[in-house]
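Peer 1: Give the three-dimensional model of this entry:
(chains A and B)
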Amino acid sequence: MKFKDYYNILGVSRDASVDEIKKAYKKLAHQYHPDISKDPSGEEKFKEIGEAYSTLKDSEKRAAYDQLGSHSSGQDFTPPPNWRQHFTQENASFDDLDLSDLFAGFSRNQAHGRHSANKHPIPGQDYELSINISLEEAFHGSTMDLHFEVQEYDTNGQLKRVPHAFKARIPKGVTNGQKLLLRGKGGKGFNGGPDGHLYLNINFKPHKYFRVNDYDLFIEVPITPWEAILGATIKIPTLDNPINLKIPPGSDSGQRLRISKRGMPRKQADSGDLFAILQIHVPKNPNEKEKALINELANASTFNPRSDFD
Amino acid sequence: MELDSNTLLWLDEHHEISLDDLRDLSGLTLDELNYLIEHGALTPSDASRQSWLFSSQHLVSLRSLSRLKVDFDLESEVLPLMLCLIDRIHNLELLLEKSNVKISNQ
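Peer 2: I've put the predicted structure just below:
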């Protein structure tokens, strides 16, 4: 088992009072709480702070922690032989155990009495995962393999971290930022307690062609100057099959063409729209014939886009 | 193990859940939820119905509230104010995100 220096995590001395511990916790919690902090590492840091606080604020747990001795953070250690007799069930094993699991189990034993602990129903823990999916997966719906680690009670009632994997169906029509609840897909309950839940945060991966705003899609469509002038029918991709898009004669760069109901599917209403944004591209290295024809056009044309200038 | 459709709940303005569901899923007690309702911080979709239903998106804010309550030892009296502030932050974040997307699509 790896040692964690809970005093060091909270930045207090080993003889700190409960009030000092509480004050230190609150100060750090304000800084790192996942509902407040925007620091990406804040959640992990807050877990560490919460784990240290839940152990040190409780006099019995703190006494048990103190009797583990003082080690460096991350150092492998084994609780002293008499520690097991005093603070855990006789048959508890420390193999592959995390210090936080040890004290979480300790808390449960305190609450329900060491010998009745095995009979008390304990609900499984809730978990939250963020997943990145492609626009195609959101458009059509998909099935994803989810893998994460959960805390579960072993037959001795001791918390252990175990891998958890299942296939989750991502329904058609989810939006960027959509939250889904998968009931009963969190940690397993113990002694008949209900299983925990899994909260999924859906984020869209950037797409090669499309940008998304709610249910509407946007695509930049490159067109030639002559397609812009004369009009044309061109093929463009959608998230389903490609479609033919009619470019009206005299189209400008930046002009938007709306293709109704070709955006993201919506569960309760019509699909969003697809907006094609025209971008006129010119040949960078025209050949001699192209140059001659463009010169001919320049000489013949009376068009002046700067006629409004003084 | 593949999920069946009964397992999945959309947390958005189009889906509703009962008060009992909110209690089971949010981590708040029925008394705390009723206190939020009494103080207008949590409103049912249709208050004239005999058994109230709530937009499932409330669950996101209520879980934040529940975590903050536990982690900061908050008193019940401050919960309605906290929920209003959490909701306001969520709405502003959403608005900001939409504005950013709108700008990038212009």
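
Peer 1: where's the nearest residue to A:Gly250 once chain neighbours are set aside, which helix or strand?
Peer 2: Closest residue to A:Gly250 apart from its sequence neighbours, by CB to CB, 6 or more residues apart in numbering or on different chains: A:Ile229 at 6.8 Å. Heads up, the C-betas are built off the backbone N, CA and C, glycines and all. If you go by DSSP states H and E, A:Ile229 is part of helix A:225-230.

Peer 1: So which residues of chain A form helices?
Peer 2: In chain A, the segments counted as helices under DSSP state H are A:6-10, A:18-32, A:42-56, A:59-66, A:81-87, A:99-112, A:135-140, A:225-230, A:288-300.

Peer 1: Could you dump these into JSON lines with mean pLDDT and mean neighbour count added?
Peer 2: Below are the helices of chain A laid out as JSON lines (pLDDT from 0 to 100; neighbours: other CB atoms under 10 Å in any protein chain shown):
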{"stretch": "helix A:6-10", "mean pLDDT": "93", "mean neighbour count": "21"}
{"stretch": "helix A:18-32", "mean pLDDT": "92", "mean neighbour count": "16"}
{"stretch": "helix A:42-56", "mean pLDDT": "89", "mean neighbour count": "19"}
{"stretch": "helix A:59-66", "mean pLDDT": "88", "mean neighbour count": "15"}
{"stretch": "helix A:81-87", "mean pLDDT": "69", "mean neighbour count": "13"}
{"stretch": "helix A:99-112", "mean pLDDT": "66", "mean neighbour count": "19"}
{"stretch": "helix A:135-140", "mean pLDDT": "95", "mean neighbour count": "19"}
{"stretch": "helix A:225-230", "mean pLDDT": "96", "mean neighbour count": "16"}
{"stretch": "helix A:288-300", "mean pLDDT": "96", "mean neighbour count": "10"}
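
Peer 1: ok, A:Gly189 - contacts?
Peer 2: A:Pro121, A:Ile122, A:Pro123, A:Gly124, A:Asp195, A:Gly196 (CB atoms under 8 Å, 6 or more residues apart in numbering or on different chains).

Peer 1: isn't the fifth one right up against A:Gly184?
Peer 2: Yes. In this structure A:Asp195 lies within contact range of A:Gly184 using CB atoms under 8 Å: 4.3 Å.

Peer 1: Looking at the two, which is more packed in?
Peer 2: In terms of neighbours (other CB atoms under 10 Å in any protein chain shown), A:Asp195 is the more surrounded of A:Asp195 and A:Gly184; the figures are 19 against 15.

Peer 1: Please name the residues that touch that one.
Peer 2: A:Asp195 sits in contact with A:Pro123, A:Gly124, A:Gly184, A:Lys185, A:Gly186, A:Gly187, A:Lys188, A:Gly189, where contact means CB under 8 Å, 6+ apart.

Peer 1: now do A:Gly69
Peer 2: By CB under 8 Å, 6+ apart, the contact set of A:Gly69 is A:Phe77, A:Pro80.

Peer 1: For A:Pro80, what are phi and psi?
Peer 2: The phi/psi pair for A:Pro80 (degrees, to the nearest 10) reads phi -60, psi 150.

Peer 1: picking that back up, got a markdown table for the contacts of A:Asp195, with pLDDT too?
Peer 2: Below are the contacts of A:Asp195 laid out as a markdown table (pLDDT from 0 to 100):
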| residue | pLDDT |
| --- | --- |
| A:Pro123 | 83 |
| A:Gly124 | 86 |
| A:Gly184 | 91 |
| A:Lys185 | 91 |
| A:Gly186 | 91 |
| A:Gly187 | 88 |
| A:Lys188 | 87 |
| A:Gly189 | 86 |
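
Peer 1: Now the buried members of these.
Peer 2: Those of the contacts of A:Asp195 that meet the buried threshold are A:Pro123, A:Gly124, A:Lys185, A:Gly186, A:Gly187, A:Lys188, A:Gly189, by 16 or more other CB atoms under 10 Å in any protein chain shown.

Peer 1: among those residues, which two are most distant?
Peer 2: Using CB to CB, the buried ones among the contacts of A:Asp195 span at most 13.5 Å, a distance reached by A:Pro123 and A:Lys185.

Peer 1: Get me the contact residues on the stretch 201-310 of chain A for chain B.
Peer 2: Within reach of chain B by CB under 8 Å from any CB of the partner chain, the stretch 201-310 of chain A has these residues: A:Arg211, A:Val212, A:Asn213, A:Asp214, A:Phe218, A:Lys267, A:Gln268, A:Phe275.

Peer 1: mind redoing it with 10 Å?
Peer 2: A:201, A:211-214, A:216-218, A:254, A:256, A:266-269, A:275, A:277 (CB under 10 Å from any CB of the partner chain).

Peer 1: Between those residues, which sits nearest B:Leu96?
Peer 2: A:Asn213 (13.5 Å).

Peer 1: That closest one and A:Gly177 touch, don't they?
Peer 2: No. Contact criterion CB atoms under 10 Å: A:Asn213 and A:Gly177 do not qualify, at 11.7 Å.

Peer 1: So the two - more neighbours on which side?
Peer 2: Higher neighbour count among A:Asn213 and A:Gly177: A:Asn213, with 20 against 14, using other CB under 10 Å.

Peer 1: How about the more buried one, nearest residue that isn't a chain neighbour?
Peer 2: Distances taken as CB to CB, 6+ apart place B:Val101 nearest to A:Asn213, at 4.6 Å, with adjacent residues excluded.

Peer 1: If we ignore the residues flanking it in sequence, what's nearest B:Asp46?
Peer 2: Ranked by CB to CB, 6+ apart and with sequence neighbours excluded, the top spatial neighbour of B:Asp46 is B:Leu53, at 7.0 Å.

Peer 1: give the contact list for that neighbour.
Peer 2: By CB atoms under 10 Å, 6 or more residues apart in numbering or on different chains, B:Leu53 lies in contact with B:His15, B:Glu16, B:Ile17, B:Ser18, B:Leu19, B:Asp21, B:Leu22, B:Pro44, B:Ser45, B:Asp46.

Peer 1: Is A:Ser220 bridged to anything, and to what?
Peer 2: One correction, residue A:220 is Glu, not Ser. Beta bridges link A:Glu220 to A:Ile277 when assigned by DSSP bridges.
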